[in-house]
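Student: let me see the structure of the following:
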Amino acid sequence: MTFKQDTEEIVVFITAPDEDGAVRIAKALVEARLAACVNIIRDIRSIYTWQGKIEDDAEVLLIVKTRGKLFDPLSAKVKELHSYSVPEIIALPIVRGSKDYLKWIREVTL
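Tutor: Purely as a prediction, here's the structure:
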């Protein structure tokens with residue numbers, strides 16, 4: 001299946017250091033109509049390499065439902081609000097979904 005960036009719905013993963021930061025980002029994305037919905041999952045553990053060291057940190061995961069054409073402005077808004085210098089902002093296409101849900105995503109976003 002080919003991903004059409006400008007017309008397809010996507011899921012974006014964003015990690016944040018704490019729930020307060022995640023809520024601030026989530027509300028800003030929904031209020032700006034850059035996201036239809038953001039789920040916040042607490043208590044994830046991330047192990048990664050940063051500046052030559054292996055890190056092991058508690059984080060919060062945001063799962064954002066939006067449209068491919070909104071990825072760039074969404075990413076810019078996240079970078080503006082995020083405390084990390086290089087925040088995780090990755091998108092995956094929604095391969096299949098409920099027609100009604102996907103229609104709703106299109107209706108409530110820009």
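Student: part of a strand, is S75?
Tutor: No. Per DSSP: H, G, I helix; E, B strand; the rest coil, S75 lies outside any strand segment and is helix.
Student: how many neighbours does it have?
Tutor: Neighbour count of S75, defined by other Cβ atoms under 10 Å: 17. (Each C-beta comes from the backbone N, C-alpha and C, glycine too.)
Student: correct me, but it touches E88?
Tutor: No. Checked against Cβ atoms under 8 Å, the pair S75 and E88 is beyond contact range at 10.8 Å.
Student: gap between the closest residue to E88 other than its chain neighbours and V78?
Tutor: Closest residue to E88 in three dimensions, ignoring its sequence neighbours and counting by Cβ to Cβ, 6 or more residues apart in numbering: T15, at 4.6 Å. For T15, the distance to V78 equals 11 Å [Cβ to Cβ, to the nearest Å].
Student: shared neighbours, the two?
Tutor: The contact sets of T15 and V78 overlap at P87 (Cβ atoms under 8 Å, 6 or more residues apart in numbering).
Student: and M1, what pLDDT?
Tutor: If you check M1, the pLDDT there is 49.
Student: okay, now the unreliable bits of this protein?
Tutor: For the chain, the stretches flagged by pLDDT under 70 are 1-7.
Student: strands of that one, start to end?
Tutor: 9-16, 37-50, 53-67, 89-93 (DSSP state E).
Student: bridged to the residue positioned nearest the centre of the chain, which residues?
Tutor: Nearest residue to the geometric centre of the chain (Cα atoms, centre = their mean): V12, 3.5 Å. V12 has these beta-bridge partners by DSSP bridges: V64, A91.
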